[in-house]
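Asker: Return a 3D structure for these sequence lines:
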Amino acid sequence: MKKGSQKPNGNAGRRNPSVSERVGWDRRRFVKLISTFGAASTAVPYLNISSVLAQTPPPAPTPRQQQAALRVTKEMLRAAEQLLGIELTDAQKQMALQNVNTNLERYETLRQIDVPLDTEPATLFRPALPGRKFDVKASKLKFSKVEVPQFNSLEDLAFATVPQLAELIRTRKVSPVELTTMYLARLKRFGPKLNCVVTLTEELALAQAAAAEREIRSGKYRGPLHGIPWGAKDLFATKGIRTTWGAEPYRDQVIDHDSTVVERLRAAGAVLVAKLSMGALAQGGRWFAGVTRNPWQTEEDKTGSSGSSAGPASATSAGLVGFSMGTETLGSIISPSTRCGVVGLRPTYGRISRYGAMALSWTMDKIGPICRGVEDCAVALDAVYGPDERDLTVGDVPFSWSPNAPVNRMRIGYLKTEFDQQQDADRKAIYKDALEALKSAGANLEPIELPKFSTAALRIILVAEAATAFDDLTRNGGINQLSGQEPGDWPNTFRSSRFIPAVEYIRAQRARTLLMREMDVLMSKWDVFVSPAPGSASLLITNLTGHPAVAVPCGFIKGLPQSIMFTGGLYNEGAPLRVALAFERATKWHTMHPKMNGT
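Answerer: Next up, the predicted model:
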């Protein structure tokens, strides 16, 4: 019976006592009983109350009174049965009531425990199956031959790659201070137009650049990131500097420590010039100041540069930073990199420590670089990967990078069906040319198929974990402050995800293990596979299984960049990066940049 409805009976006009009144009657009787205990204990101080109860038991409540005192009733269980996927008899519902109500009390107790947002669950996800060994040899990072660009002014270097900038700094043809000053000026000039900057870290940047310049002059060169200006997605903690997570409730948040990524890039000598925009709580491109724009189409307001690493992709594409760092849970590096025409690397899950980074999904969050070239991504990954004794999911596997390894000796598959089924004729032609370019670069491509698996059902893993991460914000109403309040936005997702049963979440994680096994079999036959980007079914699969992928530009449609994606085996980012580099060398797309007011 629905709440509020009345069952017809022969006592028309007679009002039945309400649930609260019946419960109140029970409470009054209980208080009266307790007062009796009080009088008895005054007269007989050492009387055992349990013995009084045994001698004078209260009248047993009727089943109707018993159910009236329970907040979860049989009617409520009946309404939940379809969601839970089970059907109980009336007797089974009656039997379950006490447990369900006891659990409700436990839920409420749990909600009173202050659990900081950066607290990991007491479970770990590892992308490698038990017993899996990784034969990856450590290698000294090296670039292929670097073509140093000619320039008349520092502004001419705005779109240079990290290897190019590094060589200019190493040979002292450009100073870190000069380079930093140039990028800061561009951030001030174009940042507002693109809406990609949350906080300009000018004071810190100039101090770090000056320190880098002194060290290099004294002969202490730390490596290819020394003196290179970079931007951080605004979910990486920066001590004493705002970390807003792109969301209204946190717009003034200042965290008292640096994230591991910030620490390691500082140790490499990189210069932090800005905290860059992100979709609110890592969704889409909309944050509390509006939508981050795509430098290739700045008048576009609705989807902008995509998300959630919107600012890093936009700023890197527009030449406002040397490189940037973003995160991905389900496409948040690949999608904005594709839309903005830059190179985005999503490393293996657990490759880079997430310490000090906002958690969205503990078993799916990944950190990676967004750059203007493939080798930029390799050097950025090399600087930040590996265990830090804080994030226990990080694997201790070396990163190996060989930019000149023969591509024709690699086992490379491609998702032929996905390329063949492209509906847009222009896009289909672009991918045809891209595959031909790969073949001309020495790649031997063989058609492959992804595992046949109901992967979409596993998305409840992400939304259940995200809803858990921001459960306090959801229950205290803070989530209602976000500007995005449509059905597909986080506020609705967080609220509705509270209806996901724990049993289904755990079942999804078990099914995920089956998917991991199938992908392990597939990747045992291939070093890399090639797919469209975005739009490939592999994006969801590999975000669940933790495999690395890199997206690079491969053409344009109506002035907007298009991309192709290379996916590799676990902890073997070097393989997809190597094939991506072969494609980059065989094409011109990485040399094309958006025109920012004639620059």
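Asker: use CA for all of it now, contacts and neighbours both
Answerer: OK.
Asker: looking at the chain, which helix or strand is least sure?
Answerer: Across the helices and strands of the chain, mean confidence by mean pLDDT, DSSP states H and E is lowest for helix 19-43: a mean of 37.
Asker: Quick one: the strands in the stretch 401-550 of the chain, in order.
Answerer: For the stretch 401-550 of the chain, applying DSSP state E, counting those that start in this stretch gives strands covering 412-414, 445-447, 528-533, 549-557.
Asker: swap in the stretch 201-350 of the chain?
Answerer: Counting by DSSP E, counting those that start in this stretch, the strands of the stretch 201-350 of the chain are 229-233, 271-276, 286-287, 290-291, 323-328, 343-346.
Asker: which regions of the stretch 251-400 of the chain sit below the pLDDT cut-off?
Answerer: Within the stretch 251-400 of the chain, the stretches with pLDDT under 70 are 300-303.
Asker: Go again with 90.
Answerer: Flagging of the stretch 251-400 of the chain using pLDDT under 90 yields the residue ranges 298-303.
Asker: what's the answer for the stretch 451-599 of the chain, then?
Answerer: 499, 534, 596-599.
Asker: if we go to 80?
Answerer: Applying pLDDT under 80 to the stretch 451-599 of the chain picks out residues 597-599.
Asker: returning to what we had before: could you work out which of the strands of the stretch 401-550 of the chain reaches nearest to Ile541?
Answerer: Nearest to Ile541, of all the strands of the stretch 401-550 of the chain, is strand 549-557, at 11.5 Å by Cα to Cα.
Asker: got the CA positions of the following helix or strand past that closest one in CSV?
Answerer: Downstream of strand 549-557, the next assigned helix or strand under DSSP states H and E is strand 560-568. Output in CSV follows, covering the C-alpha atoms of strand 560-568 (Å, rounded to 0.1, in the frame of the first residue of the first chain):
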residue,chain,number,x,y,z
LEU,A,560,38.2,21.4,-35.6
PRO,A,561,41.0,18.8,-34.9
GLN,A,562,40.4,15.1,-35.1
SER,A,563,42.5,12.4,-33.4
ILE,A,564,43.6,8.8,-33.5
MET,A,565,44.4,6.7,-30.4
PHE,A,566,47.1,4.1,-29.6
THR,A,567,46.6,1.7,-26.7
GLY,A,568,49.3,-0.5,-25.2
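Asker: relative to strand 528-533, how tilted is strand 560-568?
Answerer: Calculated by axes from the mean of the first three to the mean of the last three Cα atoms, to 10 degrees, strand 560-568 forms an angle of 150 degrees with strand 528-533.
Asker: need the contact list for the residue nearest the centre of the chain.
Answerer: In the chain, the centroid-proximal residue (Cα atoms, centre = their mean) is Thr329; its distance is 3.2 Å. Residues near Thr329 by Cα atoms under 8 Å, 6 or more residues apart in numbering: 360-361, 364-366, 543.
Asker: switch the cut-off to 10 Å
Answerer: Taking Cα atoms under 10 Å, 6 or more residues apart in numbering, we find Thr329 in contact with 282-283, 308, 346, 349, 359-367, 462, 540, 543-544, 546.
Asker: Then Ile430?
Answerer: By Cα under 10 Å, 6+ apart, the neighbours of Ile430 are 424, 436, 554-557, 562-564.
Asker: Now mean neighbour count and distance to Glu248 too, for the strands of the stretch 401-550 of the chain, in CSV please.
Answerer: As requested, the strands of the stretch 401-550 of the chain are exported to CSV (neighbours: other Cα atoms under 10 Å; distance: least, Cα to Cα, whole Å):
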stretch, mean neighbour count, distance to Glu248
strand 412-414, 24, 43
strand 445-447, 16, 47
strand 528-533, 26, 31
strand 549-557, 26, 31
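Asker: Need the ones you listed in JSON lines (columns: distance to Lys233).
Answerer: Shown next, in JSON lines, are these (distance: least, Cα to Cα, whole Å):
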{"stretch": "strand 412-414", "distance to Lys233": "32"}
{"stretch": "strand 445-447", "distance to Lys233": "36"}
{"stretch": "strand 528-533", "distance to Lys233": "22"}
{"stretch": "strand 549-557", "distance to Lys233": "18"}
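Asker: between the ones you listed, which gets nearest to Asp376?
Answerer: For those, the distance to Asp376 is smallest for strand 549-557, at 12.0 Å, taking Cα to Cα.
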